[in-house]
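# heads up, no residue letters with this:
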């Protein structure tokens, strides 16, 4: 931990020194929530989000806060180790071309419904899963798709000597529809209740005993499972792309970790609802994934179970520039040169792509150093080829 702010209603514990003003103001806002428990934990990749900083961990008693989860419910990481110890650039290019054919990116979906057996097995009912039910048919074409923004597929070389596949993706439009519906409902209810939480803080809540909170939790949990199913289908399709080019490749078990969700947990002797928004669980011994930018290392880590962070760690490097700022201020030529110099097959082509350039992100080495009390590094992964959403 780097420092503790003790001037607010509850302490704010920070694992970074360079937090932007907007994110710090949001951290102060959540520290003053009447239902916030013990302290607020801010991870080393923190930056401003909607209502709550991305990279924030909030424990609450008696309520759930949709905006403390975010719009991409269940967004997270998968990593798969292969039996390959080497891969040529020619093979990489062919494999990445194959992946682009079978994994839709950006706003694109599959042209036809995917196998319904791939969908989460959780029971959904129209009375308290109304958004999932409404969006279910659309989700059948969204499963197995990457999405846009900072989502990516990478083929990487590990310092364990093996080639890895890593995916960052979430619950697609299904999660956004659930998040938007329940946040709007929470805003409406908070207005009716004359909530003491200022509307402009964008932290509307639902009492956990209410029917609305029960429905949100059920639909949120479904979205978390859908996001995992989405990543799993991409993994299977990517495996096929690899074995179409290189025979007799074996694949190890998937490592999966989510970073946008709320969950019942027990901390400091109390049952609470932990909201992790752009933060991942790091219980003692738990495997996790912390990606860098497309031009830097990513990491397979093991949690240390630090209670002060509510057993959490960062979900990545974290942005140091907004998307528009990166497009205005970064040099396309310089960013392409960086990628070419380290030999990464990438998709940087024009100014619009600079929002996801390596220069838009914090230094992952500093981020990892700031959380050495939260996780231990098991494997370092260097990017070889990248597909961005």
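Cool, the structure landed. Please read these numbers as outputs of a predicted model, since none were measured by experiment.
# which stretches of the stretch 151-300 of the chain form helices?
Remark: helices assigned in the stretch 151-300 of the chain by DSSP state H, counting those that start in this stretch are 172-192, 211-245.
# In CSV, list the ones you listed along with distance to residue 128, mean pLDDT and mean neighbour count.
Any C-beta I mention is one placed from the backbone N, CA and C, and that applies to glycine too. Converted to CSV, the helices of the stretch 151-300 of the chain look like this (distance: least, C-beta to C-beta, whole Å; pLDDT from 0 to 100; neighbours: other C-beta atoms under 10 Å):
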stretch, distance to residue 128, mean pLDDT, mean neighbour count
helix 172-192, 12, 97, 20
helix 211-245, 4, 97, 21
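# would CSV of the ones you listed with distance to residue 122 be doable?
Below are these laid out as CSV (distance: least, C-beta to C-beta, whole Å):
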stretch, distance to residue 122
helix 172-192, 13
helix 211-245, 5
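# Out of these, the one nearest residue 160 is which?
helix 211-245 (17.9 Å; C-beta to C-beta).
# and the closest one, how far from the chain's centre?
Per C-alpha atoms, centre = their mean, to the nearest Å, the displacement of helix 211-245 from the mean C-alpha position of its chain is 13 Å.
# what does stretch 328-344 give?
What separates the centre of stretch 328-344 from the centre of its chain is 25 Å, taken as C-alpha atoms, centre = their mean.
# what comes up buried for that stretch?
330, 332, 335-336, 338-339, 344 (16 or more other C-beta atoms under 10 Å).
# Max pairwise distance over these: which two?
Taking C-beta to C-beta as the measure, those span a maximum distance of 16.5 Å, between 330 and 344.
# which secondary element of this structure has the worst mean pLDDT?
helix 332-341 (a mean of 90; mean pLDDT, DSSP states H and E).
# what's the very next helix or strand once past it packed up against?
On the C-terminal side of helix 332-341, the nearest following helix or strand under DSSP states H and E is helix 364-370. For helix 364-370, the packing partners by 3 or more C-beta pairs under 8 Å, 6 or more residues apart in numbering; DSSP states H and E come out as strand 40-47, strand 287-290.
# what do you get if the cut-off is 7 Å, keeping everything else the same?
Packing contacts for helix 364-370, counted by 3 or more C-beta pairs under 7 Å, 6 or more residues apart in numbering; DSSP states H and E, involve strand 40-47.
# Downstream of the strand it packs on, the next helix or strand is which one?
strand 54-60.
# Buried ones in that following strand, by neighbour count?
For strand 54-60, by 16+ other C-beta under 10 Å, it's 54-60.
# now do stretch 249-265
Neighbour-count burial for stretch 249-265 flags 251, 254-263, 265 (criterion: 16+ other C-beta under 10 Å).
# Among the residues you listed, which lie within strands?
255-258, 260-263, 265 (DSSP state E).
# Show me which of these is closest to residue 229.
For these, the nearest to residue 229 is residue 256 (10.6 Å; C-beta to C-beta).
# What's the per-residue pLDDT of that closest one here?
If you check residue 256, the pLDDT there is 98.
# picking up where we left off before, quick one: which of the helices of the stretch 151-300 of the chain is nearest residue 290?
Here helix 211-245 is closest among these (C-beta to C-beta), at 16.2 Å.
# got the angle between the helix or strand containing residue 132 and helix 211-245?
In the assignment (DSSP H and E), residue 132 maps to helix 130-142. Here helix 130-142 runs at 10 degrees with respect to helix 211-245, directions being taken by axes from the mean of the first three to the mean of the last three C-alpha atoms, to 10 degrees.
# can you start the count at 47 instead of 1 from here on
From this message on, residue numbering opens at 47, which makes the last subject helix 176-188.
# from the chain's centre, how far out does helix 176-188 sit?
With C-alpha atoms, centre = their mean as the basis, the mean position of helix 176-188 lies at 21 Å from the chain mean.
# same thing with stretch 167-187?
22 Å.
# Do me a favour and get the end-to-end distance for it?
One end of stretch 167-187 to the other measures 17 Å (C-alpha to C-alpha, to the nearest Å).
# Identify each buried residue in it, please.
170, 174-175, 177-178, 181-182, 185-187.
# Format the residues you listed as JSON lines; extra columns: pLDDT and distance to residue 234.
Below are these laid out as JSON lines (pLDDT from 0 to 100; distance: C-beta to C-beta, whole Å):
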{"residue": "170", "pLDDT": "74", "distance to residue 234": "24"}
{"residue": "174", "pLDDT": "71", "distance to residue 234": "18"}
{"residue": "175", "pLDDT": "84", "distance to residue 234": "20"}
{"residue": "177", "pLDDT": "95", "distance to residue 234": "15"}
{"residue": "178", "pLDDT": "95", "distance to residue 234": "20"}
{"residue": "181", "pLDDT": "96", "distance to residue 234": "21"}
{"residue": "182", "pLDDT": "95", "distance to residue 234": "25"}
{"residue": "185", "pLDDT": "97", "distance to residue 234": "26"}
{"residue": "186", "pLDDT": "97", "distance to residue 234": "30"}
{"residue": "187", "pLDDT": "98", "distance to residue 234": "31"}
